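Student: For reference, the sequence and a predicted model appear below.
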Amino acid sequence: MERLPVDGPVDAPAPAAAPRRRPPTLTLTAAPPGLQPATASDGARRAGPPLRIGVSARILHPEGAQLLGFRGKTLQYLEASVAHWIMAHGALVFMVPTLAAGGGVQRPAVSIRDYVEALDGLVLQGGADVSPSTYGEQPRDPAWRGDRVRDMYEIELLWAFVFQQKPVLGICRGMQLVNVAFNGTLYQDIPTDVPGAIDHLDPQKYDQLHHELAFEPGSTLAQLYGEGARLTVNSIHHQSISRLGNGLQIEARSPADGVIEAVRWNGSSFVMGVQWHPEFHAHAGDRLLDSGPIIGEFLEHCRSRKQDAAAVRAAPARAAG
């Protein structure tokens, strides 16, 4: 997980009012960085309306939000790269806000289940540390106390999607959250808890810190990328999996120190987590692992689940006819 006090630009002041003018002629331009338009073959393969993918919210609590001018307020947001990564593969993206007590939303009015029913899959994005209290420990350093509020929100969200057998993909913190939700634990700090480990976090290099990745033999990632392949990924975390969660299997490790880099649930639906940020690989060329197969596999499971659900709903009508 990243340990950054504030990760987001300060909102610019609103510009002064300008005199009304005739709207300019709309000109279509290239997609912004990180978002490439879907091709015709993408549309043919998709067949039907685009998938609707939920992304869990990053939370900037009042003490952090105040630095941006939001006194006493909580901000919930998503990082643009993860949205563009998903959208570039033809899916719509919806951030799922928290439904906290006292947050102005009454549970009987809107529930997590409402979101799950409206969406086809869930991405748990990166961000703050998972709180050690969430996996039964106390933080050994105040800097490692994490975000318990976000933990509880995302665990509830994760299980709601799992119960409906809708796919879940965890990124960085998201992978660690998956492990904790399945009764696993984390190393609170790799340099402290894993002797001889390589650097997995460098605030100066941020996503330019890279290391090699090795796939577990016979894993799904090995099938996607090739058995024995050694590829390179970014690294922006100081926590990592300690005790593996129930029903999870290891898909990849850092070969230099054995740190777990990807996991997958062997249960009844698709749940997968990766420790790196595949959304940051979009314009890395051949230097870093191609993130396309990961988002492609996730979206294919979302599409299959949606089609299966539609077939079940249509069965009574066909029987009646």
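Tutor: Perfect, I can see it now. Residues are numbered from 1 along each chain as shown.
Student: what's the weakest-modelled helix or strand in the chain?
Tutor: helix 40-46 (a mean of 43; mean pLDDT, DSSP states H and E).
Student: For the helix or strand following that helix, buried residues please.
Tutor: Where DSSP states H and E defines the elements, the next helix or strand beyond helix 40-46 is strand 52-56. Across strand 52-56, burial judged by 16 or more other Cβ atoms under 10 Å covers 53-56. All C-beta atoms are positioned from the backbone trio N, CA, C, and that covers glycine.
Student: again with stretch 85-97
Tutor: Here stretch 85-97 shows 85-91, 93, 96-97 as buried, counting by 16+ other Cβ under 10 Å.
Student: Out of these, which is nearest to residue 118?
Tutor: Residue 118 lies nearest to residue 96 out of those, by Cβ to Cβ, at 9.7 Å.
Student: which residues does that closest one bridge with?
Tutor: residue 56 (DSSP bridges).
Student: how much space between it and residue 77?
Tutor: To residue 77, residue 96 is 12 Å away according to Cβ to Cβ, to the nearest Å.
Student: Common neighbours of the two, please.
Tutor: residue 57 (Cβ atoms under 8 Å, 6 or more residues apart in numbering).
Student: Surely residue 128 is within a helix?
Tutor: No - checked against DSSP: H, G, I helix; E, B strand; the rest coil, residue 128 lies outside a helix; its state is coil.
Student: Residue 178: neighbour count?
Tutor: When neighbours are defined as other Cβ atoms under 10 Å, residue 178 has 27 of them.
Student: pretty sure it is touching residue 158, no?
Tutor: Yes - if you go by Cβ atoms under 8 Å, residue 178 and residue 158 touch, sitting 6.8 Å apart.
Student: What residues of stretch 138-152 count as buried?
Tutor: Going by neighbour count (16+ other Cβ under 10 Å), the buried part of stretch 138-152 is 144-147, 150-151.
Student: mean confidence score for it?
Tutor: For stretch 138-152, mean pLDDT rounds to 96.
Student: go on, stretch 209-220?
Tutor: On average, stretch 209-220 scores 96.
Student: Just the CA trace of that stretch, in PDB.
Tutor: What follows is stretch 209-220, C-alpha atoms only, in PDB (Å, rounded to 0.1, in the frame of the first residue of the first chain):
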ATOM      1  CA  LEU A 209      10.300   1.400  -8.800                       C
ATOM      2  CA  HIS A 210      10.300  -2.000 -10.600                       C
ATOM      3  CA  HIS A 211      11.200  -5.600  -9.800                       C
ATOM      4  CA  GLU A 212      10.900  -9.000 -11.400                       C
ATOM      5  CA  LEU A 213       7.900 -11.200 -11.100                       C
ATOM      6  CA  ALA A 214       7.800 -15.000 -11.200                       C
ATOM      7  CA  PHE A 215       4.500 -17.000 -11.800                       C
ATOM      8  CA  GLU A 216       3.700 -20.100  -9.800                       C
ATOM      9  CA  PRO A 217       3.900 -23.200 -12.000                       C
ATOM     10  CA  GLY A 218       0.500 -24.200 -13.200                       C
ATOM     11  CA  SER A 219      -1.200 -20.900 -12.100                       C
ATOM     12  CA  THR A 220      -3.700 -19.100 -14.300                       C
END
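Student: List of residues touching that stretch?
Tutor: 198-202, 221-222, 225, 227-236, 249-256, 261-262, 264, 276, 287-289, 297.
Student: Can you give the distance from it to the centre of its chain?
Tutor: Computed by Cα atoms, centre = their mean, to the nearest Å, the chain-centroid distance of stretch 209-220 equals 19 Å.
Student: cool, and stretch 232-239?
Tutor: 14 Å.
Student: First-to-last residue distance for that stretch?
Tutor: 19 Å (Cα to Cα, to the nearest Å).
Student: Just give me the closest of the buried residues of strand 52-56 to residue 183.
Tutor: Set against residue 183, the nearest of those by Cβ to Cβ is residue 56 (19.9 Å).
Student: Would you confirm that the closest one contacts residue 128?
Tutor: No - taking contacts as Cβ under 8 Å, residue 56 lies outside contact range of residue 128: 11.9 Å.
Student: could you list every residue that touches residue 98?
Tutor: By Cβ under 8 Å, 6+ apart, the contact list for residue 98 reads 57, 59, 76, 149-150, 153.
Student: 7 Å instead?
Tutor: Residues near residue 98 by Cβ atoms under 7 Å, 6 or more residues apart in numbering: 57, 76, 153.
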